Every structure is written in C-alpha cells, then in structure tokens.
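Trainee: I'd like to go over a predicted model; first the sequence, then the structure.
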Amino acid sequence: MSANTISTKGAVVITGASTGIGKVCALYLDRLGFRIFAGVRRDEDGNVLRGEASDRLTPVFIDITDSASIDSALKFVSGEVGGAGLAGLVNNAGISVGGLLEFQPIAEIRRQLEVNVIGHIAVTQAFLPLLRKDHGRIVNMGSIAGRMPQPYLGPYSASKAALEAIMDSLRMELRPSKIPVSIIEPGVVYTPMWEKARIRAHVIVENFPQEVFDLYGSDISAVTKVLENKEKIQKAAVSADVVAKAVAHALTAKKPKTRYVIGWDAKFGVFLSRFLPDRLLDWLTMIFWRELGLKKTTQDIGS
Ligand SMILES: NC(=O)c1ccc[n+]([C@@H]2O[C@H](COP(=O)([O-])OP(=O)(O)OC[C@H]3O[C@@H](n4cnc5c(N)ncnc54)[C@H](OP(=O)(O)O)[C@@H]3O)[C@@H](O)[C@H]2O)c1
C-alpha cells in the first residue's frame, strides 16, 4: 500500500485549492490526517501543494464550469478511493465579480453565477454517489455577503445567497441519506481574491464612459480606494486558518453546524441584519464603504 492511500480520516475533495482559503483548508485537513484531493487548474499549483503537504494529498484537475473536467476528476477520484467513497466534499472555488450593476455586462453576471452557483451544483451532483459510500459530508464556502448583500458586489452577493438557498434545500433532501450539508459564512479573509478584485476594478473603471462618472463619481473613487487600501483590508480580515478550522469541524463534529459565521465583521453583520430595518441597514452599509474609501483619500492627501 503506498503512503498516499493511508488515511485515518477518509478522503475529501476540495475545489479551488490553488490559493487562498482552499489551499489553507487543503493543507490543514491534510495535517489532520485526511486524504485530500485538491482541485487545481494548473500543473504548477498542484506541484506547489505537493511540496507543502504529506503524501496523502493528491492534486486533481477540475474546472467546475466544465462538465468534461468534472467527469474526469470524478473518474480519477473514484479510481483512487475505490469502494471506500468520500468522507467530504468542500465546494470552495469561487470568483468575485464586482462593479456597478447598471453597467455590468450580462456575460460577466452569468460567469459569476456559473462559477459560484452552477459549478458547485454540478460538482455536488457528480460526487454524491461517492459521498454516500462513506456517509460523507458536504461543506460549502458561502460568504456573509449571501446574507448581507453589499453594494458594488451585487452578482457576488446574489451568487452566495443562491448557494445558501440551494444548499439549505439539499440539506433537507439529504436528511434521509444522513449526509450533512454545512455552509461557511466568512467575512473578510485576506486572500489573492482581493488583489484580483483590485486589478479588475482598475480595468473596469478605465473603460467607464464619462456618463458613469457623472452618475456615480464619488462612489467609484471610494470603492477603488477601499480595494487599494491593502493594510486596512488585512487589518479587518480574519485568518484563513480560522475558516479551515470551521471546515474541519463541519467534516468531523458529531453534530456539524448548518452555518458557521466567521469573523467579527460577519458576526456583527448578522446581528445588525437581524435587528435593523432595511433602510437603516442600507444607510449604514453605504456609510461604511464611503468612510473606508474616503479615509484613505484623506491619508493620501496628507502623505
Ligand atoms: N477572501 C474573502 O474575503 C472571502 C470571504 C468570504 C468567502 N470567500 C469565498 O472563499 C472561496 C475561496 O476564495 P479565496 O478568497 O480563497 O480566493 P482565491 O484565492 O482567489 O481562490 C479562488 C479559488 O477558486 C478557484 N477557481 C476559480 N474559478 C474556478 C473554476 N471555474 N473551477 C475551479 N476552480 C476555480 C481558483 O483557481 P485558479 O487559481 O485556477 O483560478 C482558486 O483556487 C470563494 O468561494 C470565495 O467566494 C472569500
């Protein structure tokens, strides 16, 4: 028996393990003794993971928007685990499409929903027979934005709200099969997603016609300033390790939670959204975005 077939805790597939939360989760679960199939889309990402993990971790190519890629990942994992099945599926892969909804290309909004919602459904459907074999569990990477939608992140917020709804529904359907379904709801976690958002925002803003600046000028500069303020984002962020621990709890606890709210910002957001009327919440959220962005502007002027 080769080293990578020995696992004390069963096998887990994690999508989007090349960077950020997915990578931290893959390495953490590997250290806990799981046999990890880490979803990547490039050879080099797989090699980096191999270098940082035990022999139990195997990179697996999977693009969650491509049915042929999902099929071949399923074939590979089935061949590796055989009749033992899967102890867990972590639907983590994701993108964040930001912008002003009035001017967002429909193709971009479709892409957002395709990756963050449809992709996870397709992967879940494909791997469910393997999960059944080992009484496995499904863990989804949601976001506090799914419960508390953010301005300039409409499609992203919608994708996370849709993921919550579909996975809540699935949890009830899978009750007779005893397959628990959990959703992790982090607030800000500093990962490459923020740098990708910053770069993307620059491209979008550079291509805006004058009309957009006439209508939304101050909001645009506040948002781009927020994204540029790396230190502030890092300061507000919770470590990806905390997210990984919640994923591990969802995979191992006798009674996994249905929802894991991670970070003070997310917990505060849930509290506010429970008790405040919508318009007051809207107002506070806008103040938060403008304040963050405008504070940076003031610092820029001072420096
Ligand atoms: N960072 C935060 O503040 C935060 C907060 C709440 C929730 N989340 C959620 O956490 C999850 C991970 O995000 P992150 O912050 O760790 O960002 P990240 O570092 O950008 O990681 C995103 C991962 O998803 C993968 N991915 C993107 N499109 C894919 C596709 N079509 N098929 C397969 N994999 C794909 C990426 O792979 P490639 O490298 O190949 O592109 C990458 O591995 C996302 O679902 C995100 O919404 C993040």
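Mentor: Yep, it's here.
Trainee: Give the residue spans of the stretch 1-150 of the chain that score low on pLDDT.
Mentor: Residues of the stretch 1-150 of the chain meeting the criterion pLDDT under 70: 1-8.
Trainee: how about the strands in it?
Mentor: Here the stretch 1-150 of the chain has its strands, by DSSP state E, counting those that start in this stretch, at 11-14, 35-40, 58-61, 88-91, 137-141.
Trainee: any idea how far the fourth one is from the chain center?
Mentor: When you say that, I think you mean strand 88-91. Remark: strand 88-91 is offset 12 Å from the chain centroid, using C-alpha atoms, centre = their mean, to the nearest Å.
Trainee: swap in the second one?
Mentor: Distance of strand 35-40 from its chain centroid, counting by C-alpha atoms, centre = their mean, is 16 Å.
Trainee: neighbouring strands for that strand, and are they parallel or not?
Mentor: Strand 35-40 pairs in its sheet with strand 11-14 (parallel), strand 58-61 (parallel), by DSSP bridges.
Trainee: Reformat these as CSV; add mean neighbour count and distance to residue 69.
Mentor: Backbone N, C-alpha and C define where each C-beta goes, glycine included. Output for the strands paired with strand 35-40, formatted as CSV (neighbours: other C-beta atoms under 10 Å; distance: least, C-beta to C-beta, whole Å):
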stretch, mean neighbour count, distance to residue 69
strand 11-14, 28, 13
strand 58-61, 20, 7
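Trainee: In JSON lines, list these along with distance to the ligand.
Mentor: What follows is those, written out as JSON lines (distance: least, C-beta to the nearest ligand atom, whole Å):
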{"stretch": "strand 11-14", "distance to the ligand": "9"}
{"stretch": "strand 58-61", "distance to the ligand": "9"}
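Trainee: Which one of those strands lies nearest to residue 137?
Mentor: strand 11-14 (8.9 Å; C-beta to C-beta).
Trainee: Not counting its own residues, what contacts that closest one?
Mentor: 22, 25-26, 29, 34-39, 60, 73, 77, 80-81, 84-90, 92, 127, 134, 251 (C-beta atoms under 8 Å, 6 or more residues apart in numbering).
Trainee: just the buried members of the residues you listed?
Mentor: The neighbour count (16 or more other C-beta atoms under 10 Å) marks 22, 25-26, 29, 34-39, 60, 73, 77, 81, 85-90, 92, 127, 134, 251 as buried among those.
Trainee: residue ranges with poor pLDDT in the stretch 151-300 of the chain?
Mentor: Scanning the stretch 151-300 of the chain residue by residue, the ranges that satisfy pLDDT under 70 are 293-300.
Trainee: Residues of it that sit close to the ligand?
Mentor: For the stretch 151-300 of the chain, the residues in contact with the ligand (C-beta under 6 Å from any ligand atom) are 186, 188-189, 191-193, 196.
Trainee: ranges for the helices of this protein?
Mentor: For the chain, applying DSSP state H gives helices covering 20-32, 43-52, 67-81, 106-113, 119-133, 154-173, 192-206, 210-228, 230-236, 240-252, 264-275, 278-302.
Trainee: I'm done for today, thanks for sticking with me.
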